[in-house]
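*Asks:* Fold the following.
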Amino acid sequence: MSLSRRDLFKLAGAAGAAAVVPGLARAQQLEKKDVTIAVGGQALIYYLPLSIADIKGYFKDEGLNAKIVDFAGGSKALQAVVGGSADVVSGAFEHTINLQSKGQAYRAFAQQGRAPMIVLAVSNKTMAGYKGPEDFKGKKIGVTAPGSSTNMMASFFLAQHGLKPSDVAFVGVGAGAGAITAMRTGQIDAIANLDPVISTLVKENAVKIVADTRTLKDTKQIFGGNMPSGCLYTSQEFIDKHPNTTQALANAIVRADKWIQATSPDEIAKVVPEGYLLGDPELYKLALKGNMEALSPDGTVPDDGPQTALNALVAFVPNFPADKIDVSKIWTNDFVAKANQKYPKG
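*Replies:* Below is the predicted model:
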């Protein structure tokens, strides 16, 4: 078919419009614009990149209509995506391994955290005489939700010191004001949670920290290597059917990761919803500083991270079928590599 000069001008004009309005061209390429993201405790600093990507309009910049649905804990968010009410999870990396052990193919494709940021602490009221891990026996430990990464971290710590999960009682307390109240009122004896919950309790002198994974050094000491944490993950089927949509999601998270690293705690505190601050902006800023190292600078999963996560699950879950796990299938850096090329400075 031959094209007239007028047709060529029309095509050139359309190409020019797409260049001027890249979002238009990008949106046309997306296999799925409306995406539901499940998260468990969005106000936690653990999930800050997700919130920033939403607040700063990075999802919209990629042509996405991202709807974020918040649950009480990461295990609940996982159930949402497996059940089909969400497309993608912003959750703990190790859930992809757990799912594979049950014959379900899920893959992490954009990292939000490079350390778990989970802190295990004991109550200064009911465990004032705490001397060592053996004192946990028979106690109630508050976690965001049973089966969540906070549950795993506490269980992993206990296992390192010769205790079984059945030696304690795990209680779901959420990831916000409810968790703080549970500790204040003595409903629980210890807590495995994240900031700003932990920093709030420390400021009140309500707890004593026993194990801390907010720094890379302590994380490697506890888990024996790099332990990836918050990430975007979804089914392999979703990635295969929607590669451009997956790329758009990764682009937004990588931009958010980089914005956070380049921005002061003062500015971040001004940007996030007031509810995130739990009534104390200065404390939130302090918590941000304490967790900055644990937040991913560029969305990349460290090479040894998946194996470290598998080792942790083996210690956490009785009779975990480690020999059936292919860690290469539960993560990829392909999307974040392209995102970093597109947004080298955020």
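
*Asks:* can you list the domain ranges for this structure.
*Replies:* 31-116+227-342, 119-212 (automatic domain parsing).

*Asks:* and the longest one, how far apart are its ends?
*Replies:* This means domain 31-116+227-342. With Cα to Cα, to the nearest Å as the measure, domain 31-116+227-342 spans 20 Å from end to end.

*Asks:* ok, now stretch 104-119?
*Replies:* Start-to-end, stretch 104-119 (Cα to Cα) is 30 Å.

*Asks:* Please identify which of the domains of the chain is closest to residue 218.
*Replies:* domain 119-212 (5.2 Å; Cβ to Cβ). All C-beta spots, glycine's among them, are computed from the backbone N, C-alpha and C.

*Asks:* How about residue 88: which residues does it bridge to?
*Replies:* Assessed by DSSP bridges, residue 88 has beta-bridge partners residue 37.

*Asks:* I'd assumed residue 231 was in contact with it.
*Replies:* No: between residue 88 and residue 231 there is no contact under Cβ atoms under 8 Å: 10.2 Å.

*Asks:* May I see the domains of the chain arranged in JSON lines, with mean pLDDT and mean neighbour count as well?
*Replies:* Formatted as JSON lines, those follow (pLDDT from 0 to 100; neighbours: other Cβ atoms under 10 Å):
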{"stretch": "domain 31-116+227-342", "mean pLDDT": "96", "mean neighbour count": "20"}
{"stretch": "domain 119-212", "mean pLDDT": "94", "mean neighbour count": "20"}
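
*Asks:* what's the closest of these to residue 219?
*Replies:* Closest among the domains of the chain, using Cβ to Cβ: domain 31-116+227-342, at 4.2 Å.

*Asks:* Any idea how far the closest one is from the middle of the chain?
*Replies:* 4 Å (Cα atoms, centre = their mean, to the nearest Å).

*Asks:* Helices of the stretch 1-150 of the chain, residue ranges please.
*Replies:* With helices called from DSSP state H, counting those that start in this stretch, the stretch 1-150 of the chain shows them at 5-20, 22-29, 48-55, 58-61, 74-83, 95-101, 149-160.

*Asks:* okay if I get the domains of the chain as TSV plus distance to residue 220?
*Replies:* Output for the domains of the chain, formatted as TSV (distance: least, Cβ to Cβ, whole Å):
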stretch	distance to residue 220
domain 31-116+227-342	8
domain 119-212	12
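
*Asks:* wait, which of those is closest to residue 221?
*Replies:* Of the domains of the chain, nearest to residue 221 by Cβ to Cβ is domain 119-212, at 9.4 Å.

*Asks:* mind checking how far the closest one is from the chain centre?
*Replies:* For domain 119-212 - counting by Cα atoms, centre = their mean - the centre lies 20 Å from the chain centre.

*Asks:* Kindly check the end-to-end length of that domain for me.
*Replies:* Using Cα to Cα, the end-to-end distance of domain 119-212 comes to 5 Å.

*Asks:* Please apply the same query to stretch 188-200.
*Replies:* Terminal residues of stretch 188-200 lie 16 Å apart, using Cα to Cα.

*Asks:* All the helices of the stretch 201-346 of the chain, residue numbers only.
*Replies:* 216-223, 236-241, 243-261, 265-271, 281-291, 305-316, 334-342.

*Asks:* closest to residue 204 out of the ones you listed?
*Replies:* Short answer: helix 281-291, nearest of the helices of the stretch 201-346 of the chain by Cβ to Cβ, at 10.0 Å.

*Asks:* residues contacting residue 174?
*Replies:* Taking Cβ atoms under 8 Å, 6 or more residues apart in numbering, we find residue 174 in contact with 41, 72-73, 144-145.

*Asks:* Then it would be within a helix, right?
*Replies:* No: secondary structure of residue 174 (DSSP: H, G, I helix; E, B strand; the rest coil): coil, not part of a helix.
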